[in-house]
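Colleague: below are the sequence and a predicted model for it; my questions follow.
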Amino acid sequence: MRVKISRTSVEGEVFAPPSKSYTHRAITIGSLSEKCVVRRPLISEDTKATIRACKMLGAQINEEKGDLFIEGVKGKPHIPEDVIDVGNSGTTLRFMTAVASLVDGVSILTGDNSLRTRPNGPLIEVLRDLGVEVISTLNNGCAPLVVKGGLKGAIAKIDGSISSQFISALLIACPLTRQSTTLSIKGELRSKPYVNVTLEILRKAGAEIFEDSNHNIKFIIPPNQNYNLRDYLVPGDFSSASYLLAAAAMTSSRVVVKNMFPSQQGDMAIIDILKQMGAGVSWDKENGVVTVNGHDLKGVRVDAAATPDLVPTIAVLGAVAEGQTVIENAEHVRYKETDRLHAMAVELKKMGVSVKEDQDQLTIKGGKLKGGDLHGWHDHRIVMALTIAGMVAGDTTVDTAESIFISYPNFFDDVRSLGADVVVNKQ
Ligand SMILES: O=C(O)C1=C[C@@H](OP(=O)(O)O)[C@@H](O)[C@H](O)C1
Ligand SMILES: C=C(OP(=O)(O)O)C(=O)O
């Protein structure tokens, strides 16, 4: 699918889609509870992968009027009758690998071409330390993975520099084992806010997990716990909203985004970043309303350790800002659906932008964008970021646009409702 974008400004109000990260957690932890209603979940390709996987592990999940009604497995997932295919979803793979470690039998997990290139070494290593037999069939730390349950508690260490999803996955599974677990994080914990999202929902489910951050981050997890997540309303997604907010800032327009209530999402940082760049931004936290009035933007330095998913958005903002934008501490952004540092460098250069790509950072010199035929790299966040860049440049196409269904199926409808001239060609 290719999308054609003409030079355009945006104006109006839109309701942010539900959070993908919160939805994954509510479905997973709800499926490990007895009964749960997940209200206003995101229904996208990635969250449908989590629904499929939880059903294969024994949960019953039905959708009624947009909400999910779950009959869970009460901490005891069943042996899946077939291979669990998680499609493009890294979150689903990591979470279900840990949940499968609770199964008294063998589970096989796989995914699409992109997913099967993404690293899981640290998770595999620590699960083995915790008594689980885990095999990467190609012996490269990637899916397909074969998991033979047997998760026990223990004292274990895990590298935090590649993905926080490994830690979130263990925090979800370990409270359900028969022995206590102490999990220490080696090095910097990248994407830490996502672990806070996990802890928030686990604690809403009644789980007890203690965090000691005196030296290295350490989680102390008592055993023999039960989850009781009964009813959960999913908040709006700041990662998805970042494209709408950036579009207003970049095209000097005014956009109001609703369903933007404070939560544990690290990507709430987009609001401060836009302010630092000179956009007029107000956030009515009580009513969940963010208003952006676009102005001329100036470059900014951003540490991306906690906000990997904002990197494509910040890169296109930097491409139109006066001066230099540096996105640093971002090596983990190379391990997503695609290598997003490289992808954004390649595509912005096609638009006439001066970009320097280093191992863990991008340095972008703002200037005039020129339109072009761009590649979306089969990555939803690359496609959405380049789409808003096209609104400034005009006369731009982006291919692999179908990948927006991974996280934001209504993205093109929403930007069109704000007046954007965006035409989708299904060829
Ligand atoms: O836990 C989550 O919901 C996510 C964690 C992040 O991944 P890493 O922790 O691998 O950086 C983020 O990129 C992803 O979109 C969602
Ligand atoms: C990388 C992402 O998600 P996941 O890791 O679940 O594939 C994303 O949504 O940008």
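Modeller: Here it is on my side, so go on. Residues are numbered from 1 along each chain as shown. Ligands and ions are numbered 1, 2, ... in the order given.
Colleague: buried residues, stretch 89-106. List them.
Modeller: By 16 or more other C-beta atoms under 10 Å, the buried positions in stretch 89-106 come out as 89-103. In short, each C-beta sits where N, CA and C put it, glycine included.
Colleague: and the residue of the stretch 251-400 of the chain that's closest to ligand 2?
Modeller: K336 (4.0 Å; C-beta to the nearest ligand atom).
Colleague: and the stretch 1-150 of the chain, which residues reach ligand 2?
Modeller: Residues of the stretch 1-150 of the chain found near ligand 2, taking C-beta under 6 Å from any ligand atom as the criterion, are K20, D46, S89, G90, T91.
Colleague: quick one, phi/psi of the first one?
Modeller: In terms of degrees, to the nearest 10, the main-chain angles of K20 are phi -70, psi -40.
Colleague: dump the residue contacts of it.
Modeller: K20 makes contact with L42, S44, D46, T47, T91, D237, S239, S240, S407, according to C-beta atoms under 8 Å, 6 or more residues apart in numbering.
Colleague: keep only those of those that are in helices.
Modeller: D46, T47, T91, S239, S240 (DSSP state H).
Colleague: and the residues you listed, which is closest to ligand 2?
Modeller: The closest of the ones in helices among the contacts of K20 to ligand 2 turns out to be T91 (C-beta to the nearest ligand atom; 3.3 Å).
Colleague: can you tell me the closest non-neighbouring residue to the closest one?
Modeller: Excluding the flanking residues, the one nearest T91 by C-beta to C-beta, 6 or more residues apart in numbering is H24, at 4.9 Å.
Colleague: could you do S164 as well?
Modeller: Counting by C-beta to C-beta, 6+ apart, S191 is the residue found nearest to S164 once chain neighbours are left out, at 3.8 Å.
Colleague: what's around the one you found, how many residues?
Modeller: By other C-beta atoms under 10 Å, the residues close to S191 number 23.
Colleague: could you do G149 as well?
Modeller: Per other C-beta under 10 Å, the neighbour tally for G149 reads 18.
Colleague: SS state for the nearest residue to G160 once chain neighbours are set aside?
Modeller: For G160, ignoring the flanking residues on the chain, the nearest one in space by C-beta to C-beta, 6+ apart is L189 at 3.6 Å. With DSSP: H, G, I helix; E, B strand; the rest coil as the basis, L189 sits in coil.
Colleague: one more: the one 5 residues further on?
Modeller: Y194 falls in the helix class when you classify it by three-state DSSP.
Colleague: residues contacting it?
Modeller: Contact analysis of Y194 by C-beta under 8 Å, 6+ apart lists S21, S164, Q165, S168, G266.
Colleague: redo those as CSV? Include distance to ligand 1 and pLDDT.
Modeller: Below are those laid out as CSV (distance: C-beta to the nearest ligand atom, whole Å; pLDDT from 0 to 100):
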residue, distance to ligand 1, pLDDT
S21, 3, 98
S164, 3, 98
Q165, 5, 98
S168, 5, 98
G266, 9, 98
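Colleague: just put those residues in CSV and tack on neighbour count and secondary structure.
Modeller: Shown next, in CSV, are the contacts of Y194 (neighbours: other C-beta atoms under 10 Å; DSSP: H, G, I helix; E, B strand; the rest coil):
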residue, neighbour count, secondary structure
S21, 30, helix
S164, 25, coil
Q165, 25, helix
S168, 27, helix
G266, 24, helix
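Colleague: next, count neighbours for G66.
Modeller: Using other C-beta under 10 Å, G66 has 10 neighbouring residues.
Colleague: got the phi and psi for it?
Modeller: Per-residue torsions, G66: phi 90, psi -10 (degrees, to the nearest 10).
Colleague: which non-adjacent residue is nearest it?
Modeller: That would be R40: by C-beta to C-beta, 6+ apart, it lies 6.4 Å from G66.
Colleague: right, and that neighbour touches K65 too?
Modeller: No: R40 lies out of contact with K65 (C-beta atoms under 8 Å); the separation is 10.2 Å.
Colleague: in terms of neighbours, single out the busier of the two.
Modeller: More neighbours surround R40 than the other of R40 and K65, with 18 against 5 (other C-beta under 10 Å).
Colleague: which ones are touching the more buried one?
Modeller: P18, G66, D67, L233, V234.
Colleague: what do you get for K285?
Modeller: K285 touches F261, P262, counting by C-beta under 8 Å, 6+ apart.
Colleague: ok, what's across the strand from V257?
Modeller: Taking DSSP bridges, one obtains V14, V290 as the residues bridged to V257.
Colleague: do you know the pLDDT at it?
Modeller: The model reports V257 with a pLDDT of 98.
Colleague: again, but for K426
Modeller: 79.
Colleague: I figured it hits V3, correct?
Modeller: No: using C-beta under 8 Å, K426 is not in contact with V3, being 10.2 Å away.
Colleague: quick one: which of these two has more around it?
Modeller: Ranked by neighbour count (other C-beta under 10 Å), K426 and V3 place V3 first, with 26 against 7.
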